[in-house]
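*Asks:* return atomic coordinates for the entry below.
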Amino acid sequence: MSILNRIESPSDLKKLTAEQLPQLCEEIRQQIIPVIANVGGHLASNLGVVELTVALHYLLNTPEDLIVWDTSNQAYTHKLLTGRREQFHTIRQFGGMSGFCKREESPYDTFNAGHAGTGVSAAVGFMAAREQKGQSHKVVCVVGDGALTSGLTLEGLQQAGGLQKDLLVILNDNQMSISKNVGAISAYLNRTITGEFYSKIKHETSQILGSIPQIGGPVKKMASRAQELAKGLVLPGLLFEELGFQYVGPLEGHNFEHLLPTLENVLKLKGPTLLHVVTKKGLGYEPAMKNPVWFHACSPFDIETGKPAKKPTRPSYSSVAMGTLVELAKTDKRIVAITAAMCEGTGLSVFERAFPERLYDVGIAEQHAVTFAAGLAAQGMHPVIPIYSTFLQRAYDQVVHDVATQNLPVTLCIDRGGLVAEDGTTHHGAFDFAYLRHIPNIAIMAPKDENELQHMMKTCVTYNAPSAVRYPRGSVLGVEMDPVAESLPIGKGELLRSGHDIALVAIGITVHQAEEAAERLAQEGISTAVINARFVKPLDGDLIRQIAQQVKCLLTIEESSRMGGFGSAVLEFLSDEGIVNIPTKCLGLPDWYIEQGPQDLLREKYGLTADGIYEQARQLLDRVSAHTVLT
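*Replies:* You can find the predicted model right below:
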């Protein structure tokens, strides 16, 4: 029987000897790799943190002692050790385990997180609550080195350093977040690990240890451990010490002979301590070590080759948007691109290859990215920020205060707008229409297909004010592309189909579903108008007014939160115009956090398919007919 199969909780883990732990780690990797090969997920980061996770649960008394996993996409081993081994094959699937920590799932999951940089602040809150209650349990936060570029992490560190209460922050340093880490903090950590003085000390110490094989056994093992502990004395982490932390490290994170005794001693230290652990992303699976960027969050793949199991037959919306940006940048020298550590994920790699000097990667620092863009725009440039909808939430104040109040020409390319499938509640782009459209000066648009997307990219970079174009995750529809991108008139929609019974007023990728629903209604003799709104803001009031006067009822459709979204904008317009006699229903995402699951399944569940739109339209028409009969 395997070791892993005997682990139902961390209490079982403690029954093992230290010598059994490497075999357990091998079994954990052999459990993770085939599951993620089948369903996709965050592979490289999880393979790199196996030994550290085992060591923490081996030494701590969880769940009484609290572990906060920053981002928590690195918590697969944690899940396997905390009673969820039998359910692990359901990870990231509809109705299955979350790919992130989730308090509703297990008492061992202390804090829900899908965004980097939240861990230290949450852990400081846990520590302060412990002090308020007079308790004595330990609080540990595992934070990736990429998250150190997040201002929130630094804010948490500075408060913890000032409070001087017991807290252990473990810096899991693999020189990677999603892409290769950038910036001064990453360079500082790299110098700490690879600096000439440290390398010389390490080499000379190894030579000394190697020259005394005759002593062997416990004495040599003790000397080897002393070598690891001495690193903190030879190369103190001045940055962290200035923030009030005791710094220990750097420590090799895959060697239990070093990791266990050092971690055991560090857990006894008083006050805030930072343990710097160096790990290898993707360890144990050669393709993931060679390509940690793709295997950070990979689709299903073939284990033998490491190649994707299924290649998309069509390009993604991201690639169309960024390909268009490259073409526009060839003739417009004002265009520069900014990414917050998401160059590959947003498709910006093609821009980086074409214009490396015009791409800025600011690290996991979305707030800085937007204000940095505002500075560029204030000096005559036109910055473009491709960013996932869920991550743009972190920079809301900067969009309001730094971009929009000054009416600066900054373009937000909002990627992953709408439902994003298996990453679930923290990653669905459900709220962008609602949190952007009430901001003055900004134009917000969403294309019905990839051809319209290229035209909207052109519209944005020629618009001398804040703009946002929002597009979904996934492959494009495969429509014919116009040879040249052209600017669209701001705030003008498109009447795709005339009708006098009902109008389907759709935005973004819901437009083609609305057209299918309209065709089905027409087959039943129901005259259906279809509007491609194009713009959430400014609305095409003339077109909406015209159609509202011709039909019996309106159905608005969006893959976004109904509350405060596109449909709300249409209702506000009708109210302002005094058009109050037309029954209107808003179809969109409900007022709760949407669960994980395939996009098609979720769209069907929430009525955002052609069938769902058809059913809602029929219900609305039946209600109108019943009201007409009664009156």
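*Asks:* tell me who's in contact with the nearest residue to Leu521 once chain neighbours are set aside.
*Replies:* What sits nearest to Leu521 in space, not counting adjacent residues and going by C-beta to C-beta, 6 or more residues apart in numbering, is Thr528, at 4.6 Å. Every residue, glycine included, has its C-beta placed from N, CA and C. When contacts are counted by C-beta atoms under 8 Å, 6 or more residues apart in numbering, Thr528 touches Arg497, Gly499, Asp501, Ile502, Ala503, Leu504, Ala517, Ala518, Leu521, Ala522, Ala617.
*Asks:* direction included, what does the top strand by length along the chain pair against?
*Replies:* In the chain, taking DSSP state E as the definition, the longest strand is strand 553-561. With DSSP bridges as the test, strand 553-561 is paired with strand 502-506 (parallel), strand 584-589 (parallel).
*Asks:* averaged pLDDT, that strand. What do you get?
*Replies:* Strand 553-561 carries an average pLDDT of 97.
*Asks:* output it as CSV, nothing but the C-alphas.
*Replies:* Only the C-alpha atoms of strand 553-561 are listed here, as CSV (Å, rounded to 0.1, in the frame of the first residue of the first chain):
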residue,chain,number,x,y,z
CYS,A,553,-41.4,44.3,-25.4
LEU,A,554,-37.6,44.3,-24.9
LEU,A,555,-35.2,41.6,-23.7
THR,A,556,-31.6,42.7,-23.0
ILE,A,557,-28.9,40.0,-23.0
GLU,A,558,-25.4,40.1,-21.5
GLU,A,559,-22.8,37.7,-20.2
SER,A,560,-22.2,39.9,-17.2
SER,A,561,-23.8,40.8,-13.9
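*Asks:* tell me which residues in the following helix or strand past it are buried?
*Replies:* Next along the chain after strand 553-561, taking DSSP states H and E as the criterion, comes helix 566-576. Neighbour-count burial for helix 566-576 flags Phe566, Gly567, Ser568, Ala569, Val570, Phe573, Leu574 (criterion: 16 or more other C-beta atoms under 10 Å).
*Asks:* helices and strands around helix 566-576, which ones?
*Replies:* Helices and strands touching helix 566-576, by 3 or more C-beta pairs under 8 Å, 6 or more residues apart in numbering; DSSP states H and E, are helix 432-437, strand 535-537, helix 541-548, strand 553-561, strand 584-589.
*Asks:* output these in TSV, with distance to Leu16 and mean neighbour count appended to each entry.
*Replies:* Conversion of the helices and strands packed on helix 566-576 to TSV gives the following (distance: least, C-beta to C-beta, whole Å; neighbours: other C-beta atoms under 10 Å):
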stretch	distance to Leu16	mean neighbour count
helix 432-437	48	23
strand 535-537	56	23
helix 541-548	67	18
strand 553-561	48	26
strand 584-589	46	21
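*Asks:* export the ones you listed to TSV and tack on distance to Val399?
*Replies:* Shown next, in TSV, are the helices and strands packed on helix 566-576 (distance: least, C-beta to C-beta, whole Å):
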stretch	distance to Val399
helix 432-437	7
strand 535-537	13
helix 541-548	24
strand 553-561	17
strand 584-589	21
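*Asks:* show me the one of those that comes nearest Glu327.
*Replies:* Glu327 sits nearest to strand 535-537 of all the helices and strands packed on helix 566-576, at 23.0 Å, using C-beta to C-beta.
*Asks:* name every strand pairing with the closest one and say which way it goes.
*Replies:* strand 443-445 (antiparallel).
*Asks:* which ones are touching Gly244?
*Replies:* Counting by C-beta under 8 Å, 6+ apart, Gly244 has contacts Gln158, Ala160, Gly161, Gly162, Gln164, Gly271, Pro272.
*Asks:* how about low-confidence regions in the stretch 401-550 of the chain?
*Replies:* Residues of the stretch 401-550 of the chain meeting the criterion pLDDT under 70: none.
*Asks:* could you pull out the strands for it?
*Replies:* 411-415, 443-445, 467-470, 494-497, 502-506, 528-532, 535-537 (DSSP state E, counting those that start in this stretch).
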